[in-house]
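Enquirer: the sequence and its predicted three-dimensional model are supplied below.
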Amino acid sequence: MLKSKIEWQKIIAFLIFAFFATYWVFFQIYLTGSYENHHQIYTFSAVYGVLAVWGAICGIAISLKWGGFKSVLGKGILFLSLGLLLQEFGQLAYSYYYIVLKLETAYYPSLGDVGFFGTIPLYCLGIFFLGKASGVAMRFTSIKHVLPAIVVTFSMLFLGYALFLKEYTLDLSQPIKTFLDFGYPLGAAVYISLAIGVYILSTGVLGGIMKSKIIFIILALCIQFLADYTFLYQTSRGTWVDSGINDLTYFISYFVMTIGLLQFGTIYKKLKGENE
């Protein structure tokens, strides 16, 4: 029995993940510290984003099935997909500094932050429209329903403060860096809180079906939150290295987001009875 298109897309995503995860382990064990293998080591960060591109392409295709900008759910999936695509832009921009310019420390902020920070509003918009599609708006009038999301927001901000900003020295001579230092944790707290709020408040037929799928989106955002904070923490202390544990964390977040986006293709097939 032939597999559906969505199943094949998931298989390809798993194969890409397995290949690059194996490659990362390989160079960590056998290549790290060897100057002649510099190119093989640092190209990991430039190429593993192919998984983000694959996830974005699949997500955009699924969005179009739902009507794209013509439908609320289509817009939600589309914005999440575009956010994933901007992540790859950020990865490629940063890789340029290491592979082409051969810098030894992270060049932050840089052009790559246009992609990384640009992801935040796109993810927020995507989750907002997923919430509308899930029937969330009708329940936002009750404070007891949104209280868990509010608690999560302040918890995320407190965690970010404890991990990164506790010993932060404000430098007004670098306004862009200062803005990003505070913007990344605030943005991460907002989109994760929105996602958890949507999960808690989802109602109606479509909301009920989507509830289990939103868990993948929440998990992907939490892993990316960890990756963002790892980057900020390491760059502030001069310990960040290209193709290190931070890149692996981003890679895992892209994989989970890709699987999350593909879940909406499964929903479409279930509701529409499409035989791909």
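Expert: Good, I have the coordinates.
Enquirer: my read: residue 84 touches residue 58, true?
Expert: No: when contacts are counted by CB atoms under 8 Å, residue 84 is not listed as touching residue 58 (9.8 Å). From N, CA and C alone the C-beta is placed, and that goes for glycine too.
Enquirer: need the overlap of contacts for the two.
Expert: 258, 261 (CB atoms under 8 Å, 6 or more residues apart in numbering).
Enquirer: what about these two, which has more around it?
Expert: A direct count of neighbours by other CB atoms under 10 Å for residue 84 and residue 58 places residue 84 higher, at 32 against 25.
Enquirer: so what's that one up against?
Expert: Counted by CB under 8 Å, 6+ apart, residue 84 has contacts 52, 55-56, 59, 119, 254, 257-258, 261.
Enquirer: and the residue nearest to residue 227 when sequence neighbours are not counted, what's its pLDDT?
Expert: Nearest non-adjacent residue to residue 227, counting by CB to CB, 6 or more residues apart in numbering: residue 249, 4.0 Å away. We have a pLDDT of 94 for residue 249.
Enquirer: element containing residue 249, please.
Expert: helix 245-272 (DSSP states H and E).
Enquirer: for that helix, buried residues please.
Expert: 246-269 (16 or more other CB atoms under 10 Å).
Enquirer: returning to what we had before: residues in contact with the residue nearest to residue 227?
Expert: 223, 226-227, 230 are the contacts of residue 249 under CB under 8 Å, 6+ apart.
Enquirer: ok, residue 125 to residue 132 distance?
Expert: Look at residue 125 and residue 132: by CB to CB, to the nearest Å, they are 11 Å apart.
Enquirer: common neighbours of the two, please.
Expert: Joint contacts of residue 125 and residue 132 (CB under 8 Å, 6+ apart) are residue 76.
Enquirer: residue 107 contacts residue 94, correct?
Expert: Yes: counting by CB under 8 Å, residue 107 does reach residue 94; the two are 7.4 Å apart.
Enquirer: more neighbours: those two, which one.
Expert: A side-by-side neighbour count of residue 107 and residue 94, using other CB under 10 Å, places residue 94 first with 25 against 16.
Enquirer: which strand or helix spans that one?
Expert: Element membership for residue 94 (DSSP H and E) is helix 72-99.
Enquirer: tell me the helix or strand right after whatever helix or strand residue 159 lives in.
Expert: Per DSSP H and E, residue 159 falls inside helix 143-160. Following helix 143-160 in sequence order, the next helix or strand is helix 175-201 (DSSP H and E).
Enquirer: hey, where'd the strands end up in the stretch 1-150 of the chain?
Expert: Assigned by DSSP state E, counting those that start in this stretch, the stretch 1-150 of the chain shows no strands.
Enquirer: so where's it uncertain?
Expert: By pLDDT under 70, the low-scoring segments of the stretch 1-150 of the chain are 1-3, 30-42, 102-106, 136-146, 149.
Enquirer: all helices of it, in order?
Expert: All helices of the stretch 1-150 of the chain, identified by DSSP state H, counting those that start in this stretch, fall at 5-30, 38-42, 44-47, 50-65, 72-99, 112-133, 143-160.
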